[in-house]
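Q: Need the 3D shape of this:
(chains A and B)
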Amino acid sequence: MGRLAILAIIMPLLLACSAGKDLSSYEIDIDNKAEVESIFADYTYVLLETTDKAILTDVKKMDVSDKYISVQNRKQVVVFDRNGKFLSKIDAFGRGHGEYVSLDDYAIQDSRVYILSRVQKMINVYDLSGRYIKSFKLKDWYSHIVFCGKDTVIMSSENANMSKKNFLVYDVANGRKIKAFDPFGKNENLLLGNYTPFCGKSEKGFYVTHPFDHDIYEIDSEGIKPYMSLSFAGKGKLPSGAASMSYAELLEATTHKSAVQSLGLFCKLGNCCVVTFDMFGKIGGMGAYVCRIDSNGQCRTACIGDKFSDAFPYLTKPMAVYKDCLVSICPAELIVQVEKYYKLSNFSRLGLTKDSNYVVFFNRLAH
Amino acid sequence: MKKKIVTAITFILVIATGVFTVNHLSHKDDIPEEGWRAANIEALSDGENIDENSWYCRQTNVCRINIGVGGEVKLLGGTILHADSQGFVTIDGVVICSRGGNDMCKPIECKDLYETIFGK
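A: Model (predicted):
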């Protein structure tokens, strides 16, 4: 009886201790450097069609699906097929009916392009011919959007809206809110223009990050939960007391310092994973880093562009994850410049000139 | 026999209480939707009074500067940066305001943040 009673007391305590223990924690030592050749196996590329309608000039975001390569180019969304053939351009910047005054993010589903305008608190829907179909008026400000089901989107606010909940699950078939979650205390009124919270696809939904937070979370239409905790040894750390600082204070304290403001993309590869982030350094300024975390917890980090790579001469900061690839997009002018300086001819012999359209690179991660 | 049954029931009850407590604690953020809805009505009613043009928001962005391989720039404050292997320097700092800017939100352009020491 005595042993049973002790067991009865200990069991709940053991359960309580194990409840929050499934979170993996890893430390990234940026000085444990790797070459990009040990992170990536090889690359393929897609030449985007050069046509007057689709010339890209300033890519803000890109996305790759089984059917499309889509790009936010300034205040337009340009859609190509997977061979680079131009399909559509949504170019409705303005204040008229069916237009948007800001293009904060977009998502494509079932041949329709959903454009999120934070300033208007609105989602505008277009078909792939660029024809306006309808709008959904939202009751709050959101900055990013992804589809998590056939007719269900998740939108995020990055601690900058009135309802003070970071994520909204919304039904775009019926135009109604399903659920809001992830409350925050203070409206930061600050958007990080180069930041997106949806950093990769998980089995159930998406991996997401928060600004000035080095943890990765998993989100689906039911809610958000911690997935992985990352910390930086030495370089990369946020300032002490970061948890109590506002985004504006954190931005000021980390601008042009060797601190990782936010994580970038995240990709699982069997038992290991890859995470990207930017950090300021003397070569190239905000350098793009790719860190591979192996199953034994060892982290190796490569900085893209800190030195020339023969195997990946056109590698630039990855902007999307597609299967086991980190996808980057490179202006033809840069490729021409690189080929001229390093005496290469891989693209010039294909007829690529500085007036050609961008090239998309699928950089396959080493398994 | 009776004593054993009472002991077993006691054990099950204690375990069940423990599991309930653990679940309850680990889901403490899962406040029922009704509770959130009430809180939201108040927050959203405030938001509805704010015209889209009366709300401003700072938005940061990066500046990507092509100075050519071997180029150098000097940032405000004196930090010197060297171009990466493809001839670029990327810096933080441009600020876009959602409407024109005011004393709390002043737009900053890339060209105001650096000077080229060496490069194209």
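Q: only C-alpha atoms for contact and neighbour calcs from this point on.
A: Fine.
Q: Which helix or strand in chain B has the lowest average pLDDT?
A: Lowest on mean pLDDT, DSSP states H and E among the helices and strands of chain B sits helix B:33-48, with a mean of 33.
Q: Partner strands of the following helix or strand past that one, with direction?
A: Downstream of helix B:33-48, the first helix or strand assigned by DSSP states H and E is strand B:58-66. Neighbouring strands of strand B:58-66 in its sheet, by DSSP bridges, are strand A:190-192 (parallel), strand B:88-97 (antiparallel).
Q: Now strand B:58-66: buried residues?
A: By neighbour count on 16 or more other C-alpha atoms under 10 Å in any protein chain shown, the buried set for strand B:58-66 is B:58, B:59, B:60, B:61, B:62, B:63, B:65, B:66.
Q: what's the answer for stretch A:235-251, then?
A: A:235, A:236, A:237, A:238, A:247, A:250, A:251.
Q: Now do the SS call for the fourth one.
A: Look at residue A:238: counting by DSSP: H, G, I helix; E, B strand; the rest coil, its state is coil.
Q: The last one now?
A: The three-state label for residue A:251, taken from three-state DSSP, comes out as helix.
Q: ok so, going back, would a markdown table of the buried residues of strand B:58-66 with pLDDT be doable?
A: Listed next are these as a markdown table, based on pLDDT from 0 to 100:
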| residue | pLDDT |
| --- | --- |
| B:58 | 77 |
| B:59 | 79 |
| B:60 | 83 |
| B:61 | 83 |
| B:62 | 86 |
| B:63 | 89 |
| B:65 | 90 |
| B:66 | 90 |
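Q: Serialize those residues to JSON lines and add fields for distance to residue A:336.
A: Listed next are those as JSON lines, based on distance: C-alpha to C-alpha, whole Å:
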{"residue": "B:58", "distance to residue A:336": "36"}
{"residue": "B:59", "distance to residue A:336": "32"}
{"residue": "B:60", "distance to residue A:336": "30"}
{"residue": "B:61", "distance to residue A:336": "26"}
{"residue": "B:62", "distance to residue A:336": "23"}
{"residue": "B:63", "distance to residue A:336": "21"}
{"residue": "B:65", "distance to residue A:336": "16"}
{"residue": "B:66", "distance to residue A:336": "13"}
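Q: Quickly check those residues for the two that are furthest apart.
A: Using C-alpha to C-alpha, the buried residues of strand B:58-66 span at most 25.6 Å, a distance reached by B:58 and B:66.
Q: Please report how far residue A:212 lies from residue B:117.
A: According to C-alpha to C-alpha, to the nearest Å, residue A:212 stands 32 Å off from residue B:117.
Q: And these two? Which one has more around it.
A: When residue A:212 and residue B:117 are compared for neighbours, residue A:212 comes out ahead with 21 against 14, by other C-alpha atoms under 10 Å in any protein chain shown.
Q: Including mean pLDDT, could the strands paired with strand B:58-66 go into JSON lines?
A: As requested, the strands paired with strand B:58-66 are arranged in JSON lines below (pLDDT from 0 to 100):
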{"stretch": "strand A:190-192", "mean pLDDT": "85"}
{"stretch": "strand B:88-97", "mean pLDDT": "83"}
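Q: So residue A:146 belongs to a helix, correct?
A: No. Going by three-state DSSP, the assignment for residue A:146 is strand, not a helix.
Q: Tell me the confidence at it?
A: You'll see residue A:146 listed with a pLDDT of 98.
Q: Help me confirm that it comes into contact with residue A:156.
A: No. Counting by C-alpha atoms under 8 Å, residue A:156 is not a contact partner of residue A:146; they are 9.1 Å apart.
Q: So for the two, which sits in the more crowded spot?
A: residue A:156 (25 against 20).
Q: I'd like to know how far that one sits from chain B.
A: 15 Å (C-alpha to the nearest C-alpha, to the nearest Å).
Q: what's near enough to touch that residue?
A: Going by C-alpha atoms under 8 Å, 6 or more residues apart in numbering or on different chains, residue A:156 touches A:142, A:143, A:144, A:145, A:166, A:167, A:168, A:197.
Q: from what I can see the fifth one touches residue A:181, true?
A: Yes. Here residue A:166 lies in contact with residue A:181, judged by C-alpha under 8 Å, at a distance of 6.4 Å.
Q: nearest residue to residue A:41 other than its sequence neighbours?
A: residue A:366 (4.5 Å; C-alpha to C-alpha, 6 or more residues apart in numbering or on different chains).
Q: gap between stretch A:356-366 and the chain center?
A: Averaging C-alpha positions (C-alpha atoms, centre = their mean, to the nearest Å) puts stretch A:356-366 16 Å from its chain's average.
Q: shaky segments in chain B?
A: Residue ranges of chain B with pLDDT under 70: B:1-3, B:5-6, B:8-57, B:98-104, B:120.
Q: tell me the contacts of the residue nearest to residue A:41?
A: Taking C-alpha under 8 Å, 6+ apart, we find residue A:366 in contact with A:38, A:39, A:40, A:41, A:42.
Q: and those as TSV, adding distance to residue A:67 and pLDDT?
A: What follows is the contacts of residue A:366, written out as TSV (distance: C-alpha to C-alpha, whole Å; pLDDT from 0 to 100):
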residue	distance to residue A:67	pLDDT
A:38	30	93
A:39	27	95
A:40	24	97
A:41	24	97
A:42	22	98
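Q: which of the residues you listed are buried?
A: In these, the ones that pass as buried (16+ other C-alpha under 10 Å) are A:39, A:40.
Q: among the contacts of residue A:366, which are in helices?
A: A:38, A:39 (DSSP state H).
Q: how about the contacts of residue A:366 in JSON lines, adding distance to residue A:66?
A: JSON lines is the format used below for the contacts of residue A:366 (distance: C-alpha to C-alpha, whole Å):
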{"residue": "A:38", "distance to residue A:66": "27"}
{"residue": "A:39", "distance to residue A:66": "24"}
{"residue": "A:40", "distance to residue A:66": "21"}
{"residue": "A:41", "distance to residue A:66": "21"}
{"residue": "A:42", "distance to residue A:66": "20"}
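Q: Please identify which of the contacts of residue A:366 is nearest to residue A:272.
A: For the contacts of residue A:366, the nearest to residue A:272 is residue A:39 (11.6 Å; C-alpha to C-alpha).
Q: what sits against the closest one?
A: With C-alpha under 8 Å, 6+ apart, residue A:39 has these contacts: A:290, A:292, A:302, A:365, A:366.
Q: next one: residue A:273
A: Contact analysis of residue A:273 by C-alpha under 8 Å, 6+ apart lists A:266, A:267, A:292, A:293, A:294.
Q: Likewise for residue A:227?
A: A:23, A:24, A:215, A:216, A:217, A:218.
Q: Provide the strand pairings for the helix or strand harbouring residue A:278, with the direction of each partner.
A: Using DSSP H and E, the element containing residue A:278 is strand A:272-281. Its sheet considered, strand A:272-281 pairs with strand A:263-269 (antiparallel), strand A:285-293 (antiparallel) by DSSP bridges.
Q: Need the winner for burial among those.
A: Ranked by mean neighbour count under mean count of other C-alpha atoms under 10 Å in any protein chain shown, the strands paired with strand A:272-281 are led by strand A:285-293, which reaches a mean of 24.
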